[in-house]
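*Asks:* after the sequence you'll find the predicted model.
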Amino acid sequence: MKNQRLFLKGNQSLWRRMSLSVLVLTVGAGAVIWLVSHVNLLNCSQKSATSSLSSQSVLLLNNNHVSDDKSASAVTQADGLSKVIASLEQQAQDQIRRWEVPAEFEGKTLSEVKLPGKEKVIALTFDDGPNPPYTQQILSILKKNNIKATFFLVGENVKDYPLLARQEVAEGHAIANHTWSHSYRHFSLDGATHEIDDTAALIDQTTGVKTSIFRPPGGFLHNGPADVAKSEKYFIAMWSADANDWKRPGVPTLVNNLLREVSPGGMALMHDGGGDRSQTVKALPQIISTLRNRGYKFLTVPELLEMQDSELKRAMPGVLSKK
Ligand SMILES: [Zn+2]
C-alpha cells in the first residue's frame, strides 16, 4: 500500500501543490472582483462580476455551503469568502505537514539532485534560525518574490522563537532538522539521538511538521547526529553552492560566492541564524534577480526530491518502487 501511495504521490504531489496554489490565487482574485461588485466600491459595471474568475468563486462558495443570499450583508459574505480562502491555505499547509521523503532518498546524503530533464531549478536554503530580525527580513524578501525556500532549524532557536517557525510554515516554506544545539563536537549515541529526536519533536509540536530531512551543522557527517538521522531514514541534505555568508565577506563577495557555484538541481546554502546576517539580507534580492535572469525557478528541498523522484520513475518505471 505504501509503495502504491508513494508512487502516486511522487508523480502528483508537486503538481497537486502547484495546482492548489493556482486555485488559491484564482479564488483570491475572484474574491476581489466579486466583493467589489457586491459592495459597489467602484463605478464599474455589474457585468465585470460575471467574469469566469468571479463565477468560480461563487461556485466555490456554494460548494462550501456559504450563503449566497443577496440580502445577506457584504460583511457576512466577505467573512464567508475569507473562510474559504483560509481553508484552502490550510489545505496547502497540511500538505507540507504530511509530506514524506520518497523511499529512494531515505538515509541518502546528497548535495544536489540530478534531473534528467535539466530543468533550471534550485533550492534556496537558510540555516541556523529562527533568528530575529533576519528570519523575518528574509521571509519578507521571499514573499515579495513569491519564492518558497527551505529553513534548517536549530532546536534551541525553535524553543526561543516558536512563532517564527510557525510563520515559515504558514508562508509555505519547508522546514527541516539542523540539530538541537548546533555543536560540532563528537556526540555519544544518546547525545546524538537527543540532537535529532528532540529537535524533530519540538518542530512537530510547534508547527505540526513531521520533518525527515536533516542537515548536519558544519557539514560534519561523522560526529554522531548524521548517523542517527540516517538510521532513522532521514534524507541528509548537504549543499552544492555556498555563499560563505557566515564569514560576512561583504555583500558583493557573498553574492559572487553563491552565484559562481549554482547549478541546476542544486541546494544553495545561506544563513538566517548564528549571528549578524544583515549582509545575507542585503544580498538576497540580488541573488534572486540574477538567478531569475539566468532562467532559474525556485523550489523547496522536498519539491526538488519529488521532481527527481517522479522523473526517475517516468524514466525507469518499477525500478525504484522497493518498499
Ligand atoms: Zn548550521
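*Replies:* Ah, there it is.
*Asks:* alpha carbons only: can I get the helix or strand harbouring Glu306 in PDB?
*Replies:* Element membership of Glu306 [criterion: DSSP states H and E] is helix 301-315. Extracted in PDB, the C-alpha atoms of helix 301-315 (Å, rounded to 0.1, in the frame of the first residue of the first chain):
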ATOM      1  CA  VAL A 301      14.100  20.700  -1.000                       C
ATOM      2  CA  PRO A 302      11.000  18.500  -0.700                       C
ATOM      3  CA  GLU A 303       9.900  19.700  -4.200                       C
ATOM      4  CA  LEU A 304      13.400  19.000  -5.600                       C
ATOM      5  CA  LEU A 305      13.200  15.400  -4.300                       C
ATOM      6  CA  GLU A 306       9.700  15.000  -5.600                       C
ATOM      7  CA  MET A 307      10.800  16.300  -9.000                       C
ATOM      8  CA  GLN A 308      13.700  13.800  -9.300                       C
ATOM      9  CA  ASP A 309      11.500  11.000  -7.800                       C
ATOM     10  CA  SER A 310       8.900  11.500 -10.500                       C
ATOM     11  CA  GLU A 311      11.400  11.900 -13.300                       C
ATOM     12  CA  LEU A 312      13.300   8.800 -12.300                       C
ATOM     13  CA  LYS A 313      10.100   6.800 -12.100                       C
ATOM     14  CA  ARG A 314       9.000   8.000 -15.500                       C
ATOM     15  CA  ALA A 315      12.400   7.000 -17.000                       C
END
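*Asks:* so for it, what gets flagged as buried?
*Replies:* Using 16 or more other Cβ atoms under 10 Å as the test for burial, helix 301-315 gives 301-313. (C-beta placed from N, C-alpha, C; glycine too.)
*Asks:* cool, and stretch 93-103?
*Replies:* Result for stretch 93-103 [16+ other Cβ under 10 Å]: buried residues 93, 96, 99, 101-103.
*Asks:* could you give the angle of the longest strand seen in the chain to helix 301-315?
*Replies:* The single longest strand within the chain, with elements called by DSSP state E, is strand 121-129. Angle between the axes of strand 121-129 and helix 301-315 is 150 degrees (criterion: axes from the mean of the first three to the mean of the last three Cα atoms, to 10 degrees).
*Asks:* mind giving me the packing neighbours of the helix or strand following strand 121-129?
*Replies:* Note on strand 121-129: by DSSP H and E, the next helix or strand toward the C-terminus is helix 134-144. Using 3 or more Cβ pairs under 8 Å, 6 or more residues apart in numbering; DSSP states H and E, the elements in contact with helix 134-144 are strand 121-129, helix 162-170, helix 278-293.
*Asks:* and these, which is most packed in?
*Replies:* Among the helices and strands packed on helix 134-144, ranked by average contacts under mean count of other Cβ atoms under 10 Å, first place goes to strand 121-129 (a mean of 25).
*Asks:* is stretch 226-242 anywhere near the ion?
*Replies:* No: using Cβ under 5 Å from the ion, we find that stretch 226-242 stays clear of the ion, coming within 10.5 Å at best.
*Asks:* give me the buried positions along that stretch.
*Replies:* Across stretch 226-242, burial judged by 16+ other Cβ under 10 Å covers 226-230, 232, 234-242.
*Asks:* same check, this time on stretch 243-258
*Replies:* Quick answer for stretch 243-258 (16+ other Cβ under 10 Å): 243, 245-246, 249, 251, 253-258.
*Asks:* what's the end-to-end length of stretch 296-304?
*Replies:* 13 Å (Cα to Cα, to the nearest Å).
*Asks:* starting at the chain centroid, how far to that stretch?
*Replies:* The chain centre lies 8 Å from the centre of stretch 296-304; the measure is Cα atoms, centre = their mean, to the nearest Å.
*Asks:* residues in contact with it?
*Replies:* By Cβ atoms under 8 Å, 6 or more residues apart in numbering, the list of residues contacting stretch 296-304 from outside reads 14, 17, 96, 99, 101, 113, 119-125, 147-150, 173-174, 176, 213, 237, 262, 264-265, 267, 288, 291, 307.
*Asks:* from the ion, how far off is the nearest residue to Glu119 once chain neighbours are set aside?
*Replies:* Using Cβ to Cβ, 6 or more residues apart in numbering and skipping residues adjacent in sequence, the residue nearest Glu119 is Pro264, 6.3 Å away. According to Cβ to the ion, to the nearest Å, Pro264 stands 24 Å off from the ion.
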